[in-house]
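> Need the 3D shape of this:
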Amino acid sequence: MRRRGSASIAANPVLIGAATTLVVLVAVFLAYNANNGLPFVPSYTLKAQIPNAANLVVGNDVRLGGTRVGAVTKIEPRNGAGGRVSAVLTLKLETTIKPLPVDTTVVVRSRSALGLKYVELTKGTNRRGFEDGAVIPVRNATPEPVEIDDVLNTFDARTRAAIQENLQGFGDAFAGRGQDLNLAIEALNPLLVDLTPVMRNLASPRTGLTRLVGALGRTSRELAPVAEQQAALFRNMATTFGALESVSSDLQQSIEEGPPALEAGINGFPRQRPFLRNSAGFFADLRPGVRALRTAAPDLSEALTVGTPTLYRSVALNQRLIPAFRALQAFAEDPLAQLGITDLTNFATIIEPTAKFLEPVQTVCNYATLFLRNTASLLSTGGKTGTTQRFAIVATPQGPNNEGSPASAPANGPGTNYLHSNPYPNTASTGQPKECEAGNEPWLAGRKVVGNVPGNQGTVTEKTKRSASLR
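Alright, predicted model coming up:
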């Protein structure tokens, strides 16, 4: 007898065709979803924000350390602040790399020159990791890749023309200069030997070269808006240097002699500092006097005008003064002169309080000058025989005890018969009110006044005329 079960399937072409079709469908399904991972296999899903997803398509590889660890399953655009558009990638990853540290970086790399891309993950070192479904922020998408078309676009028509001009210029510059180039290469050996410590110093962090380059970059960024003004400056400098070409030999000589002059300045300037410091103090002290000279400048000018011829005549005067100074020297060396000087010193010490007390009589009230002027005016009338005194008789008021007859008491009326006497008027001296009372007392009618007049009479007196200028 034959076995019915074993022969039934092989003998049935319908079952064989159905099984074959099922196997083909499963293979096609698996091949279609191969880029998205095998079905029913656990995965680790993350989202990543990147600035630009150009030429990246769904199904591109996700690699970690050069090994494929997943695929891109979805690409979505996202609008950011300021109208900037970025992309959000959905990454389906293997669970073997779960969890990725939160400082993991994402960058889109080129896989071939035909534009094929892949996403490269660089694992970080942070202990915290991204949970399933988390979003890798855009700040982790560094460094931002440079596309091949961006590189090629740098060589535009103007750049290519400039490169051609450079090559042609280099060719013309090096043509026929082979021997000079050989000598230059030969001289490079000592140059490079001396350059090594220089480069070592520049590479040291203590030189601050990094900060210098950054500062130069910021400076260039600040100068960019005034680039046209700078270009005009260099054009003008070219014109200036062209004009200086005719005196280049003199400039060369100045430059050659500059180092000795600078060396002399280095040695001499420190010694001049005390002199300059003292000069600065001297001129600072002179400022009040110079400021005061502005008002006295006309008088000084007139004095110099008059004094110049006088100075010429002073030579002869000085010759005649020699005997006088010799006599003065003998007098000064005489022992008795010292006694006289001591007596004068004592006299000056004794009279000093009196002089200070009387000083305002002239400096404030001008009484001495007025007295001398009035004395001269008193005797100004004269004839062939000499001068006469000018005076007028003033009759005293009539009444009891008047000033024109013997009296038993001060005149005290009636009528205008009142005594007005101030034998010691105020002259703005020490201990007195600041007033010039003599000659300024008011006449107080109907009352007797003996001594200082009530009230302050001020310090205004009649001024003498300015003496005529010397001619």
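> Show me the domain layout of this structure.
Following automatic domain parsing, the chain resolves into domains at 33-147, 157-223, 338-378+410-471.
> ranking the ones you listed by burial, who's on top?
Comparing the domains of the chain by mean neighbour count (mean count of other Cβ atoms under 10 Å), domain 33-147 ranks first with a mean of 15. From N, CA and C alone the C-beta is placed, and that goes for glycine too.
> Just the endpoints, please. Distance across stretch 195-211?
22 Å (Cα to Cα, to the nearest Å).
> taking the mean pLDDT, what do you get for it?
Regarding stretch 195-211, the rounded mean pLDDT is 84.
> Note down every partner strand of the biggest strand by length in the chain and its orientation.
When the chain is parsed with DSSP state E, its longest strand is strand 67-79. Here strand 67-79 is paired, per DSSP bridges, with strand 61-64 (antiparallel), strand 85-93 (antiparallel).
> Give me the mean pLDDT for it.
89.
> hmm, who's touching it?
With contacts defined as Cβ atoms under 8 Å, 6 or more residues apart in numbering, strand 67-79 is touched by 35-37, 43-44, 49, 53, 56-63, 85-94, 96-97, 119, 121.
> What ranges does this structure have for its strands?
44-50, 61-64, 67-79, 85-93, 105-110, 117-122, 135-136, 381-383, 386-388, 420-421, 449-450.
> JSON lines please, covering those strands and showing distance to Thr207.
Output for the strands of the chain, formatted as JSON lines (distance: least, Cβ to Cβ, whole Å):
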{"stretch": "strand 44-50", "distance to Thr207": "38"}
{"stretch": "strand 61-64", "distance to Thr207": "39"}
{"stretch": "strand 67-79", "distance to Thr207": "42"}
{"stretch": "strand 85-93", "distance to Thr207": "39"}
{"stretch": "strand 105-110", "distance to Thr207": "31"}
{"stretch": "strand 117-122", "distance to Thr207": "31"}
{"stretch": "strand 135-136", "distance to Thr207": "38"}
{"stretch": "strand 381-383", "distance to Thr207": "100"}
{"stretch": "strand 386-388", "distance to Thr207": "100"}
{"stretch": "strand 420-421", "distance to Thr207": "98"}
{"stretch": "strand 449-450", "distance to Thr207": "96"}
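> worst average pLDDT in the ones you listed?
Minimum mean pLDDT among the strands of the chain: strand 381-383, a mean of 78.
> which helices and strands does that one pack with?
strand 386-388 (3 or more Cβ pairs under 8 Å, 6 or more residues apart in numbering; DSSP states H and E).
> For the strand it packs on, buried residues please.
By neighbour count on 16 or more other Cβ atoms under 10 Å, the buried set for strand 386-388 is empty.
> How about residues contacting that strand?
Residues contacting strand 386-388 (Cβ under 8 Å, 6+ apart): Leu379, Ser380, Thr381, Gly382.
> Could you do stretch 359-372 as well?
By Cβ under 8 Å, 6+ apart, stretch 359-372 touches Thr427, Ala428, Ser429, Lys434, Cys436, Ala438, Gly439, Thr459, Thr461, Glu462, Lys463, Thr464.
> Mind doing that once more with 6 Å?
Outside of stretch 359-372, the residues within contact range by Cβ atoms under 6 Å, 6 or more residues apart in numbering are Thr427, Ala428, Ser429, Cys436, Thr459, Thr461, Thr464.
> The second one touches Ala438, doesn't it?
Put plainly, it is Ala428. No. Using Cβ atoms under 6 Å, Ala428 makes no contact with Ala438, being 10.6 Å away.
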